[in-house]
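Colleague: What shape does this take:
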Amino acid sequence: MNILVMKFGGTSLADPEKIQRAAARVARARRQGFAVASVVSAPGQVTDELLSLARRVARRAPARELDALMAAGEQISIALLASALLGRGVPAASLTGVQAGVRARGPHGAADIAGVRPARVLKELARGRAAVVAGFQGVNGKGDVVTLGRGGSDLTAAALAAALKAKACEIYTDVKGVYTADPRLVPQARKIGKISFYEMLALAEAGAQVMQPRSISYAQSRGVRLHVRSAFHDAEGTWIGADAAGKGGVKALAVSRLGSRARVSAVGRGLRPKDAESMREVLRACGIACRGVEFSAFRASCEVDAREAVPALRALHKAWSLGRREASSG
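Modeller: Okay, the predicted model is just below:
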């Protein structure tokens, strides 16, 4: 079988219209000859609503019961997306993480995937059905449902793609791909066509919220090609893979908040000490104090006042002309 894994995040499933749009994408991929396994997150703000409900019922809900509650969000999505597919005449079957064979280990709320036994998913695909799998959840050795932490559906998608030997794992989100900086903060940011696993992992760990870092590491270790793309546009997004290193140097910027401070990071392959020094000089010229400079082969970073994080990002983006570096338009 020519298998494609398609992961849809919560913003891609936030209302009936968006669920229908996701169903249309799955139907189109099937017409193109793919056997499709979709992995879904909880719709919109459902996870936050469930957490709020838990706090109103018990100030400190037991971790086991909280995981059982959190897993319900993704189960809403699998039922709705499968129903939308069936309404379009596309055979489909919804599967919880347990039914899909996702095995996990570790603490409730932050478990890791121990492996995937995809027999049930393969069975549904062999029957000509689209498999719609709940992300973010698995079953531990005790038979209890456990969740995989923030962004856990990305990890489910990468693990399922590896187990199914899928051609690719498409990550559908509310942006068109991976950008040279967060386009909401830096309007001049440009979409990157290709980025290596190492660069993407460094970017995610630096604060970019496009993908969960553990999912990138998992995909890298098992050779899964990732394609981050928009749930609302048809253009190609950003490919993440071992063969996507491209030229060295700074490729993208990210920021993470540290209370009253913020860490601004430059990410790229083969960075050199002069890149860290260049960061310091650019910010000094803008009157932005930069301290705590750190450097590695894939990341240079420093701390600034949180109020100056966005000006710092914009200044560095302009100084390094990132909008014109190995980036596709869009």
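
Colleague: Can you classify residue 301 as helix, strand or coil?
Modeller: strand (DSSP: H, G, I helix; E, B strand; the rest coil).

Colleague: Now it: closest residue in space that isn't a chain neighbour?
Modeller: The shortest distance from residue 301 to any non-neighbouring residue, by CB to CB, 6 or more residues apart in numbering, is to residue 265 (3.8 Å). For glycine as for every other residue, the C-beta is placed from the backbone atoms N, C-alpha and C.

Colleague: quick one: contacts for that neighbour?
Modeller: Contacts for residue 265 (CB atoms under 8 Å, 6 or more residues apart in numbering) come out as 202, 203, 206, 207, 253, 254, 255, 256, 299, 300, 301.

Colleague: do the same with residue 47
Modeller: 10, 70, 73 are the contacts of residue 47 under CB under 8 Å, 6+ apart.

Colleague: any idea which of those residues has the most stuff around it?
Modeller: Compared across the contacts of residue 47, residue 73 has the highest neighbour count, 26 neighbours, by other CB atoms under 10 Å.

Colleague: my guess is it meets residue 44, correct?
Modeller: No - between residue 73 and residue 44 there is no contact under CB atoms under 8 Å: 9.5 Å.

Colleague: Could you tell me which residues make contact with the residue nearest the centre of the chain?
Modeller: By CA atoms, centre = their mean, the mean C-alpha position of the chain lies nearest to residue 211, the distance being 2.4 Å. Taking CB under 8 Å, 6+ apart as the criterion, residue 211 is in contact with 151, 154, 171, 200, 204, 226, 228.

Colleague: where does it fall, helix, sheet strand or coil?
Modeller: coil.

Colleague: How much space separates it from residue 227?
Modeller: 11 Å (CB to CB, to the nearest Å).

Colleague: overlap in contacts of those two?
Modeller: Listed as contacting both residue 211 and residue 227 by CB under 8 Å, 6+ apart are residue 171.

Colleague: before we move on, the earlier item: which SS class is the residue nearest to residue 301?
Modeller: State at residue 265, reduced to three classes by three-state DSSP: strand.

Colleague: in the sheet, who's paired with it?
Modeller: residue 254, residue 301 (DSSP bridges).

Colleague: Now do it against residue 216, distance only.
Modeller: Counting by CB to CB - residue 265 and residue 216 are separated by 16 Å.
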